[in-house]
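Asker: sequence and predicted model, in that order:
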Amino acid sequence: MSVAADADFDWRLRTEVYRGFADEGRAPSDEALAAALAVERDAIRAGLERLHDRHALLLDPADRSIRMANPFSAVPTPFHVRIGERRYWANCAWRALGIPAALHADGKIDATYADDGDPVAIAIANGALRGDSGIVHFPLPVARWYDDQIET
Amino acid sequence: MLFRSEEGIVVWSRRRGRTSGEALPLATVWALAQAWYGDRLRPDFRGRSQADAEAIFRRVGLTSAFWAFDR
């Protein structure tokens, strides 16, 4: 494929990855993505690597599976988000709030305070923040956010 | 990570030999999350430039050097 065709395909692939996370709370498989886009699995693998390189999503360093498409995490984390009957994970407090923001939906977030490990419960109700208070820590300045996406 | 207080962030960071970074109240982070992730599922989303990102940060009141790409 040409560079332009790759770019078009990659954005369509990205859309399908996000659709999978939004609908199922987990990363779609390569096979599901290949079926959705009517391409071979090799094309999905190549597209995911290109999307990783441009920081549109993050692949696991070991097995190259989709690890996160912010704000969604593909692996369990301490930040658990409930939107209706669907369940999601996020990598941090900010991304946990990013899930109801991305879905334009009310929801509930369960996590723990890093100070003492006590549970914290946050809700988005009619678009407004409710529940426990807290301070969110951003450890790295924005200029370094891509140094380690898992860290930030 | 989520803390009860800024003091908790300072203690946590000191124990790990790290800088304290930036601490924002949940209300500010909810405003940031809506601005940053509100369009993330749109099929026409194409990422955003550093200038667009900084505009979002300014919109929610984040104007320190921490929130600038050219520091």
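Answerer: Happy to help now that I have it. These figures come from a predicted structure and were not determined experimentally. Numbering: from 1, shown residues only, chains lettered A, B, ... in the order given.
Asker: mind checking the SS state of residue A:88?
Answerer: strand (DSSP: H, G, I helix; E, B strand; the rest coil).
Asker: give me the average confidence score over the longest helix along chain A.
Answerer: Scanning chain A for the longest helix, with DSSP state H as the assignment, gives helix A:3-24. For helix A:3-24, the mean pLDDT works out to 91.
Asker: that helix: what's the following helix or strand?
Answerer: helix A:30-37 (DSSP states H and E).
Asker: hey, where'd the strands end up in chain B?
Answerer: Here chain B has its strands, by DSSP state E, at B:2-3, B:22-25.
Asker: which helices and strands sit right next to the first one?
Answerer: In this structure, strand B:2-3 packs against strand A:135-138, with contacts taken as 3 or more C-beta pairs under 8 Å, 6 or more residues apart in numbering or on different chains; DSSP states H and E. The C-beta positions use only the backbone N, C-alpha and C, and glycine is treated the same way.
Asker: next one: the strand it packs on to chain centre, how far?
Answerer: Strand A:135-138 sits 19 Å away from the centroid of its parent chain (C-alpha atoms, centre = their mean, to the nearest Å).
Asker: re the thing from before, deepest-packed of the strands of chain B, please.
Answerer: Mean neighbour count (mean count of other C-beta atoms under 10 Å in any protein chain shown) peaks for strand B:2-3 among those, with a mean of 24.
Asker: strands paired with that one, and their directions?
Answerer: Its sheet considered, strand B:2-3 pairs with strand A:135-138 (antiparallel) by DSSP bridges.
Asker: so, low pLDDT: which residues of chain B?
Answerer: B:71 (pLDDT under 70).
Asker: before we move on, back to that, residue A:110: which of the strands of chain B is closest?
Answerer: Nearest of the strands of chain B to residue A:110, taken as C-beta to C-beta: strand B:2-3 at 11.0 Å.
Asker: look up the residues forming beta bridges with residue A:72.
Answerer: Residue A:72 has these beta-bridge partners by DSSP bridges: residue A:69.
Asker: was I right about it contacting residue A:19?
Answerer: No - the criterion here is C-beta atoms under 8 Å, and residue A:72 misses it with residue A:19 at 11.0 Å.
Asker: okay, the two: which has more neighbours?
Answerer: Shown here are residue A:72 and residue A:19; by other C-beta atoms under 10 Å in any protein chain shown, residue A:72 has more neighbours (28 against 15).
Asker: and the contacts of the longest helix of chain A?
Answerer: A:1, A:26-28, A:32-33, A:36-37, A:39, A:43-44, A:47-48, A:50-51, A:56-57, A:66, A:69, A:72, A:74, A:86, A:88, A:102-103, B:40-41, B:43, B:45-46 (C-beta atoms under 8 Å, 6 or more residues apart in numbering or on different chains).
Asker: got a PyMOL select line for the buried ones in the residues you listed?
Answerer: Selection of the buried residues among the contacts of helix A:3-24 in PyMOL, burial being defined by 16 or more other C-beta atoms under 10 Å in any protein chain shown:
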select buried, (chain A and resi 26+27+28+33+36+37+39+43+44+47+48+50+51+56+57+66+69+72+74+88+102+103) or (chain B and resi 40)
